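Visitor: this one's structure only:
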């Protein structure tokens, strides 16, 4: 390890080395490793998560307006509390940016963050701004759950996997933008502005979801986190998805199977949860798979999936 | 403003433009503008603050070990809750870093953060790591106050200004390092590792502090924040400080008045508070000034101060 770089060890390798360093106090109900942490406070609890967005890695200034970047950064973080079945009440923002960044860009970014937080019912209460070579946005969300937080680790054999919200559109939009196109506009718009289903996290928890996660790394990658944490095998049924028309159009134009956007795409931030039976799946969610006992793995229509499952950050 | 850059508007100019964009919910007891924000939660409250540290701006890898950078980053953030009279229970960490960063550096950084959080009694419960051109560390602290949070805005004419903790040492150490020296080692060590008086924030609150702030931008600059927020005039008495021997040595070696390190230095994170009379000043704190009515300003021994008062981040 002395000679290894972050690229060598990878995001998850680094996290595995770092996590044991942090002793968890008795008040920590859920520590590192889920969508958000949960801590007991003097008279309640906090659900907490932090996300970073880095220019040219998570966004490009030419592909999205500052306001869109702000909305997206906020949505990504707010979505983590949603995936615990909670609601965010409080947000802080850190902005590191080059001195020659137009001040209007920073103001528009803040406006986008404010708008998205308003949608989710949260207040931005503070933060920090400082100079850096590159724009880095750090967003921390603090919320609470009405019921017990829904973890990644609760999926049971026999459960039904269900999804709510748009999935695959952002990946389709990104595929279009990286090839220099600007349409189909619905997909580009989806990439520029996710619309996480903020009402559905608490509803899913109330409906008895046994596990829940938001899709941010890619559907199969994120279901892989659920499979590992729960110690179960998950099979995704592609018949559960309608392939929306814009996805079909992009698949045809680019000569790729549009189902790959659905299976591997992140950044739409829908919720995926497991429920104890089809009857428990709430209205608006679509059943997309089943949970079985066995080695933790995610299969697609009963078989191993050969395509990309998501992405790592190093 | 359309053509202005962040360098044109400055840190505080940018904050002034951004802050009005964020609507504050009814649960927000203290919004942007103090050391930390305070929000009412379902059955309690949270004291929240976020800080950013950027490589080559807040630290240099050749001037401090990764562990020292971690301790310093954590200390800076933890100190904000201390300055509200609170204790931090929960911390999240965001790390953006180049792919070729030695993984050991990131692990040592995390170890330093863990150590400092342990000193303050806080748990690191989660965070995010991602790739960037430059190391950026984002730390969010969440805590609570036993009593009412102590704000910047409560100083009253007639109050005594008092300080607890080391002040000016970090600035002396930085002055030494920037000139290529490594001694006096006590000052270099102070720059590399602040030791905020974590016990004193809650003690100051219990003793009846009317206002409190931690020194992070510079003593006069931070007292300026108190003067503005409270609408009072503050006079600092240099006779209140003992000029510690290492500071005298550096002043002599560099041919500067060592009092400038005390008056303008940041990064030691001592606490400065105002108390209603000398009798209220707790043990271990030293009286360093007085509060009077009048235009918000900070004077030194009754006169305007000609030297630097601190620094801005753009």
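Guide: Cool, got the structure. Owing to the predicted nature of the structure, the values given are computational and were not obtained by experimental measurement.

Visitor: those helices in chain A, which residues are they?
Guide: A:6-18, A:66-82, A:103-120, A:169-178, A:185-192, A:200-206, A:219-230, A:245-254, A:259-264 (DSSP state H).

Visitor: So which of these is the most surrounded?
Guide: Mean neighbour count (mean count of other CB atoms under 10 Å in any protein chain shown) peaks for helix A:66-82 among the helices of chain A, with a mean of 27. Quick note: C-beta positions are derived from backbone N, CA and C, even for glycine.

Visitor: Can you get me a residue count around the closest residue to chain B within the stretch 151-300 of chain A?
Guide: Residue nearest to chain B within the stretch 151-300 of chain A (CB to the nearest CB): residue A:216, separated by 10.7 Å. Applying other CB atoms under 10 Å in any protein chain shown, we find 22 residues neighbouring residue A:216.

Visitor: Quick check: bridge partners of residue A:139?
Guide: Counting by DSSP bridges, residue A:139 is bridged to residue A:51, residue A:93.

Visitor: I'd say it and residue A:58 touch.
Guide: No. At 11.5 Å, residue A:139 and residue A:58 do not qualify as touching, with contact defined as CB atoms under 8 Å.

Visitor: among the helices of chain A, which is nearest residue B:239?
Guide: Of all the helices of chain A, it is helix A:103-120 that lies closest to residue B:239, at 42.7 Å by CB to CB.

Visitor: does chain B sit close to that closest one?
Guide: Yes. Using CB under 8 Å from any CB of the partner chain, helix A:103-120 reaches chain B at A:103, A:104, A:106, A:107, A:110, A:111, A:113, A:114, A:117, A:118.

Visitor: so what's the nearest residue to residue A:22 once chain neighbours are set aside bridging to?
Guide: Beyond its immediate neighbours in the sequence, the residue positioned closest to residue A:22 (CB to CB, 6 or more residues apart in numbering or on different chains) is residue B:124, lying 4.0 Å away. Using DSSP bridges, the bridge partners assigned to residue B:124 are residue B:91.

Visitor: Touching, residue B:124 and residue A:20? I think so.
Guide: No. The criterion here is CB under 8 Å, and residue B:124 misses it with residue A:20 at 11.4 Å.

Visitor: domains in chain A, as residue ranges please.
Guide: A:6-145, A:152-300 (automatic domain parsing).

Visitor: so can I have CSV of these showing mean pLDDT?
Guide: Shown next, in CSV, are those (pLDDT from 0 to 100):
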stretch, mean pLDDT
domain A:6-145, 87
domain A:152-300, 94
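
Visitor: Of all these, which one comes closest to residue B:300?
Guide: The nearest among the domains of chain A, by CB to CB, is domain A:6-145 at 27.8 Å.

Visitor: mind checking how far residue A:14 is from chain B?
Guide: Noted for residue A:14: a distance of 6 Å to chain B, by CB to the nearest CB, to the nearest Å.

Visitor: Next: residue A:144.
Guide: With CB to the nearest CB as the criterion, residue A:144 and chain B are 6 Å apart.

Visitor: Tell me which residues touch that residue, please.
Guide: Contacts for residue A:144 (CB atoms under 8 Å, 6 or more residues apart in numbering or on different chains) come out as A:44, A:45, A:46, A:47, A:86, A:87, A:89, B:41, B:42.

Visitor: For those residues, give me a markdown table that also has distance to residue B:279 and neighbour count.
Guide: Listed next are those as a markdown table, based on distance: CB to CB, whole Å; neighbours: other CB atoms under 10 Å in any protein chain shown:
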| residue | distance to residue B:279 | neighbour count |
| --- | --- | --- |
| A:44 | 37 | 14 |
| A:45 | 40 | 21 |
| A:46 | 38 | 29 |
| A:47 | 44 | 28 |
| A:86 | 47 | 28 |
| A:87 | 47 | 20 |
| A:89 | 40 | 26 |
| B:41 | 36 | 20 |
| B:42 | 39 | 13 |
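
Visitor: so, if you compare the residues you listed, which one comes nearest to residue B:161?
Guide: Nearest to residue B:161 out of these is residue B:41 (CB to CB; 33.0 Å).

Visitor: That closest one and residue A:44 touch, don't they?
Guide: Yes. Counting by CB under 8 Å, residue A:44 is a contact partner of residue B:41 at 5.1 Å.

Visitor: burial count for the closest residue to residue A:223 other than its chain neighbours?
Guide: The spatially closest residue to residue A:223, leaving aside those adjacent along the chain, is residue A:298, at 4.8 Å (CB to CB, 6+ apart). By the criterion of other CB under 10 Å, residue A:298 has 25 neighbours.

Visitor: just checking, residue A:298 touches residue A:292?
Guide: No. Residue A:298 is beyond contact range of residue A:292, at 11.2 Å (criterion: CB under 8 Å).

Visitor: Now the common contact residues for the two.
Guide: Shared contacts of residue A:298 and residue A:292 (CB under 8 Å, 6+ apart): A:233, A:234, A:235.

Visitor: got a list of what the nearest residue to the last one once chain neighbours are set aside touches?
Guide: Looking back up the chat, that one is residue A:235. Counting by CB to CB, 6+ apart, residue A:235 lies nearest to residue A:299, which is 4.8 Å off, once chain neighbours are set aside. Applying CB under 8 Å, 6+ apart, we find residue A:299 in contact with A:233, A:234, A:235, A:236, A:305.

Visitor: Select from those residues every entry located in strands.
Guide: A:233, A:234, A:235, A:236 (DSSP state E).

Visitor: Can you report how many residues neighbour the second one?
Guide: In this case it means residue A:234. Neighbour tally, residue A:234, other CB under 10 Å: 27.

Visitor: give me the beta-bridge partners of it?
Guide: residue A:291, residue A:298.

Visitor: Now do the contacts for it.
Guide: A:155, A:161, A:223, A:226, A:227, A:289, A:290, A:291, A:292, A:297, A:298, A:299.

Visitor: pLDDT score for residue A:2?
Guide: pLDDT for residue A:2: 60.

Visitor: ok, which residues in the stretch 101-250 of chain A are in contact with chain B?
Guide: With CB under 8 Å from any CB as the criterion, the stretch 101-250 of chain A meets chain B at residues A:101-104, A:106-107, A:110-111, A:113-114, A:117-118, A:121-134, A:136, A:138, A:140, A:142, A:144.

Visitor: Please repeat the previous calculation with a cut-off of 6 Å.
Guide: Where the stretch 101-250 of chain A comes near chain B, counting by CB under 6 Å from any CB of the partner chain, the residues are A:101, A:103-104, A:106-107, A:110-111, A:114, A:123-134, A:136, A:138, A:140, A:144.

Visitor: need the contact list for the most centrally placed residue in chain A.
Guide: Centroid check for chain A by CA atoms, centre = their mean gives residue A:216 as the closest residue, at 2.9 Å. By CB atoms under 6 Å, 6 or more residues apart in numbering or on different chains, the contact list for residue A:216 reads residue A:266.

Visitor: any idea how far residue B:148 is from it?
Guide: Distance of residue A:216 to residue B:148, given as CB to CB, to the nearest Å: 39 Å.

Visitor: Quick check: residue A:36 touching residue A:86?
Guide: No. When contacts are counted by CB atoms under 6 Å, residue A:36 is not listed as touching residue A:86 (7.5 Å).

Visitor: overlap in contacts of the two?
Guide: By the contact definition CB under 6 Å, 6+ apart, residue A:36 and residue A:86 are jointly contacted by residue A:47.
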